[in-house]
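Undergrad: output the structure for:
(one chain, ligands or ions: 2)
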Amino acid sequence: MAICTVSTSHSLHSTCYISAPTRTTAHLGFHQRQVIFYTGGRRSARRGGIVPSVVTCAAGGANTVVIGLAADSGCGKSTFMRRLTSVFGGAAEPPRGGNPDSNTLISDTTTVICLDDYHSLDRTGRKEKGVTALDPAANNFDLMYEQVKALKDGIAVEKPIYNHVTGLLDPPELIKPPKILVIEGLHPMFDPRVRDILDFSIYLDISNEVKFAWKIQRDMAERGHSLESIKASIEARKPDFDAYIDPQKQYADAVIEVLPTQLIPDDNEGKVLRVKLVMKEGVKYFSPVYLFDDGSTISWIPCGRKLTCSYPGIKFAYGPDTYFGKEVSVLEMDGQFDRLDELIYVESHLSNLSTKFYGEVTQQMLKHADFPGSNNGTGLFQTIVGLKIRDLYEQIVAEKAATPLEAAKA
Ligand SMILES: Nc1ncnc2c1ncn2[C@@H]1O[C@H](COP(=O)(O)OP(=O)(O)OP(=O)(O)O)[C@@H](O)[C@H]1O
Ligand SMILES: O=C(CO)[C@H](O)[C@H](O)COP(=O)(O)O
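TA: Ligands and ions are numbered 1, 2, ... in the order given. Got it, this is the predicted structure:
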């Protein structure tokens, strides 16, 4: 018989006030029960109070694999998410019939939630208190922990929504436990309680020069911001970025570092990128990718008969290193591809990719050739990390399936 515990908290929004007795219901599957409890908060209470919610929980302990993706705003999290969900197949969409400004994306296998939804202060509140969204004081980590833990344990939650259009905290949305939960945003590895329940974590480390170029391109073209206001916003966020966001990279199992190229002396255009994939050794269910020979130090210029390269060319590097005192393997690509179909040549020299067939990396990259970064190491390494996450998920599922069998044998 399943035992479900619904934790309650008394945060400002989406608070569970009362937990009612449990009851089993016929329409639920074997080993599932339904718990009726009541949520309400500042907003719903103002509108007349307590809102009943239904939470379904599954028996047998942890079901959901939880992945954390940390990065500053405008650093490619959404693009990465699109590549990741594509590896699992099916389209990722906002919850059907829900808030049109929801930040959540749901596909058959994955649910991606944006941690901006745990802002405890809305835009006006932050302005009044003089804090940025990066400041822990503007975020509700207790609720984040409770809800991510509940989802990992197979319990649905009523997650708040931060509305980026209005800058307000909207009424919550129901999130059911998926097979894979991705928590993406500013602080997935900030709170030790949340960090400890992640099955795998990734940090997108975009150097200041590149971040600036991307933000200008997007915020000027798509959001109508002026160059001055973009510069001012980056400067205003920098101290909090350095204090609260950047330090999380030491906890990541994989870091994708994006730097200016070294192939063009004193490059200031920022179009050609040097990208490093830093992969921690000894992480359960994750074995790093390598180039030619596991553990050797390699420098490789693939341009020539099999790979078309225009100026400034392409250079790969691979080798062991240390990162925040931990042993890592680092794969690096500087430059960009001229012809994406020729990527198969590079793919055939990489090992431990966790592909299901020869050429799967190239196929994924060609499928999303229009995504930003598809001609360089950002797209390549995001795709590789996506495949490694699929592999990690499959290993966890296989291990769980084998466990009762092993226990019965003993
Ligand atoms: N690999 C890349 N190469 C070039 N430009 C990129 C790359 N990734 C992202 N960008 C640029 O950065 C912008 C932001 O990307 P994206 O929306 O994926 O970031 P985000 O971290 O989800 O942003 P936010 O948190 O602000 O929603 C894109 O519009 C694009 O211009
Ligand atoms: O750093 C951010 C994460 O995306 C945003 O700036 C933060 O969520 C605040 O959002 P907005 O600018 O819409 O008020």
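
Undergrad: the helix or strand containing Glu128 close to ligand 2?
TA: Applying DSSP states H and E as the criterion places Glu128 in helix 123-129. Yes. Helix 123-129 comes into contact with ligand 2 (Cβ under 6 Å from any ligand atom), by way of Arg123. No exception for glycine: its C-beta is placed from N, CA and C like everyone else's.

Undergrad: which element is encountered next along the chain beyond that helix?
TA: Following helix 123-129 in sequence, per DSSP H and E, is helix 141-152.

Undergrad: check which element follows that next one along the chain.
TA: That would be, after helix 141-152 and using DSSP H and E, strand 157-162.

Undergrad: in the stretch 151-300 of the chain, which spans are helices?
TA: 192-196, 208-221, 227-240 (DSSP state H, counting those that start in this stretch).

Undergrad: could you list the buried residues of the helix holding Glu128?
TA: For helix 123-129, a neighbour-count test (16 or more other Cβ atoms under 10 Å) marks Arg123, Gly125, Arg126 as buried.

Undergrad: point to the residue nearest the middle of the protein.
TA: For the chain, the residue nearest the mean C-alpha position is Leu69 (2.8 Å; Cα atoms, centre = their mean).

Undergrad: tell me which helix or strand it sits in.
TA: strand 65-70.

Undergrad: what inclination does that strand have with respect to helix 141-152?
TA: 140 degrees (axes from the mean of the first three to the mean of the last three Cα atoms, to 10 degrees).

Undergrad: okay, now the sheet partners of strand 65-70, with direction.
TA: strand 180-185 (parallel), strand 200-206 (parallel) (DSSP bridges).

Undergrad: how about a markdown table for these, with mean pLDDT and distance to ligand 2 added?
TA: Formatted as a markdown table, these follow (pLDDT from 0 to 100; distance: least, Cβ to the nearest ligand atom, whole Å):
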| stretch | mean pLDDT | distance to ligand 2 |
| --- | --- | --- |
| strand 180-185 | 98 | 6 |
| strand 200-206 | 98 | 13 |
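
Undergrad: excluding sequence neighbours, find me the nearest residue to whichever residue of the stretch 251-400 of the chain sits closest to ligand 1.
TA: Nearest residue of the stretch 251-400 of the chain to ligand 1 (Cβ to the nearest ligand atom) works out as Gly373 at 2.3 Å. Closest residue to Gly373 in three dimensions, ignoring its sequence neighbours and counting by Cβ to Cβ, 6 or more residues apart in numbering: Gly379, at 4.1 Å.

Undergrad: quick one: that neighbour from Gly313, how far?
TA: Note on Gly379: its distance to Gly313, by Cβ to Cβ, to the nearest Å, is 18 Å.

Undergrad: looking at these two, which is more packed in?
TA: Remark: of Gly379 and Gly313, Gly379 carries more neighbours, 26 against 16, as counted by other Cβ atoms under 10 Å.

Undergrad: OK, contacts around Gly282?
TA: Glu327 (Cβ atoms under 8 Å, 6 or more residues apart in numbering).

Undergrad: cool, the one 5 residues further on as well?
TA: Under the criterion of Cβ under 8 Å, 6+ apart, the neighbours of Ser287 are Asn352.

Undergrad: let's number from 51 now, not from 1
TA: Renumbered: residue one is now 51, and that last one reads Ser337.

Undergrad: now do the closest residue to His169 other than its chain neighbours, the pLDDT please.
TA: With Cβ to Cβ, 6+ apart as the criterion, His169 has its nearest non-adjacent residue at 4.7 Å, and that residue is Tyr212. pLDDT for Tyr212: 97.

Undergrad: and what of Gln84?
TA: pLDDT at Gln84 comes out at 34.

Undergrad: repeat that for the one 3 residues further on.
TA: As predicted, Phe87 sits at a pLDDT of 36.

Undergrad: with the one 5 residues further on instead?
TA: Among the per-residue scores, Arg92 shows a pLDDT of 31.

Undergrad: what residues does the chain have near ligand 1?
TA: Contact residues (Cβ under 6 Å from any ligand atom) of the chain with ligand 1: 121, 123-129, 264, 267-268, 422-423, 428.

Undergrad: top of these by neighbour count?
TA: That'd be Thr428 among the residues of the chain next to ligand 1, by other Cβ under 10 Å, with 26 neighbours.

Undergrad: against Thr311, how distant is the closest residue to that residue other than its chain neighbours?
TA: Distances taken as Cβ to Cβ, 6+ apart place Val325 nearest to Thr428, at 5.4 Å, with adjacent residues excluded. Per Cβ to Cβ, Val325 is found 10 Å from Thr311.
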